[in-house]
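**Student:** Need a 3D model of the following:
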Amino acid sequence: MKSLIDPVVALAEDAGRAILEVYSTDFEVQSKDDNSPLTQADLAAHHCIVAKLESLTPGMPIISEEAELPDFEERRSWERYWLIDPLDGTKEFVKRNGEFTVNIALIENHRPVFGVVHVPVQGKTYLGCEGYGAELRQGNAAAQAIHVATESANPVRVVGSRSHRGASLDAYLENLGAYDMLAMGSSLKFCVIAEGGADLYPRLGLTSEWDTAAAQAVVEQAGGSVVTLDGKPLKYNTKSDILNPYFFVVGASDNDWLALLPGSE
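**Tutor:** Reported below is the predicted structural model:
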């Protein structure tokens, strides 16, 4: 798997350049069936990544947000496949705030064992690979190993979505006590935790598996965890739909964060 790291980082960067070509233009925004936005950048990145993954790992299945989801009867038997979100954070792309990413994950037996998250505007790439660890690459600088915080800050540093926030999160934050909220888009929230810049990301709202897989690999290889509300690791390709249950991304593990959920005993 380590042999895949450099080629996949390179193709994520290629996809990022394709995205930035569109970003610099007066691009059009369409709506998908679920009313989420779609731009030419999403499609350009999708075609770039899929073509290169097919060349890199011939015959390995690929699930992309920008392609039709294979029927569960077909994919339930897959032990290994690619799961990609060519442009995660299209709403942030449309707002031109730079908070969008390219997400490429390798799933093995329902777990993300390798993930690359590229941030085109910042020129940063986060990666996590089982048996290798987690690191940040930027430009020509030497790769930097990253690790989650060992102790939570006071006040607790919480990351949350810039585009999605609901009553469930507000109720949880009331139980948390003193906290600082860092709002940002896309899988950047995971990456900030992976490099020790935040302690906790409670996601009490809907996401899809391609939104989280690559960044989950980064967090887990940086020493953190991504768990559902019953404390179990977030898993993939276990059911017919591709929606995730609610989950927590945990960096600093010195508190029982799940115990603060309203209704917990």
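**Student:** Alpha carbons of stretch 27-46, as PDB, please.
**Tutor:** Output of stretch 27-46 as PDB, limited to C-alpha atoms (Å, rounded to 0.1, in the frame of the first residue of the first chain):
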ATOM      1  CA  PHE A  27     -18.200  29.200 -13.600                       C
ATOM      2  CA  GLU A  28     -21.800  28.100 -13.700                       C
ATOM      3  CA  VAL A  29     -23.500  26.300 -10.800                       C
ATOM      4  CA  GLN A  30     -26.100  23.600 -11.400                       C
ATOM      5  CA  SER A  31     -28.200  21.700  -8.900                       C
ATOM      6  CA  LYS A  32     -28.300  17.900  -8.500                       C
ATOM      7  CA  ASP A  33     -31.400  15.900  -7.700                       C
ATOM      8  CA  ASP A  34     -30.800  16.500  -3.900                       C
ATOM      9  CA  ASN A  35     -30.400  20.200  -4.500                       C
ATOM     10  CA  SER A  36     -26.700  20.200  -3.800                       C
ATOM     11  CA  PRO A  37     -24.500  22.300  -6.100                       C
ATOM     12  CA  LEU A  38     -22.500  20.900  -9.000                       C
ATOM     13  CA  THR A  39     -19.900  22.700 -11.000                       C
ATOM     14  CA  GLN A  40     -17.600  21.900 -13.900                       C
ATOM     15  CA  ALA A  41     -14.800  21.600 -11.400                       C
ATOM     16  CA  ASP A  42     -16.500  18.600  -9.700                       C
ATOM     17  CA  LEU A  43     -16.700  16.800 -13.000                       C
ATOM     18  CA  ALA A  44     -13.200  17.800 -14.200                       C
ATOM     19  CA  ALA A  45     -11.700  16.400 -10.900                       C
ATOM     20  CA  HIS A  46     -13.800  13.300 -11.100                       C
END
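**Student:** Name the surrounding residues that touch that stretch.
**Tutor:** Outside stretch 27-46, the residues that touch it by Cβ atoms under 8 Å, 6 or more residues apart in numbering are 15-16, 18-19, 21-23, 64-67, 84, 86-87, 90-91, 93-94, 102. The way it works is simple: take the backbone N, C-alpha and C, and place the C-beta from them, glycine included.
**Student:** buried residues in that stretch?
**Tutor:** Going by neighbour count (16 or more other Cβ atoms under 10 Å), the buried part of stretch 27-46 is L38, T39, Q40, A41, D42, L43, A44, A45, H46.
**Student:** Need the worst-confidence member of those residues.
**Tutor:** Lowest pLDDT among the buried residues of stretch 27-46: L38, with 80.
**Student:** Run through the bridge partners of that one.
**Tutor:** Note on L38: beta-bridge partners by DSSP bridges are Q30.
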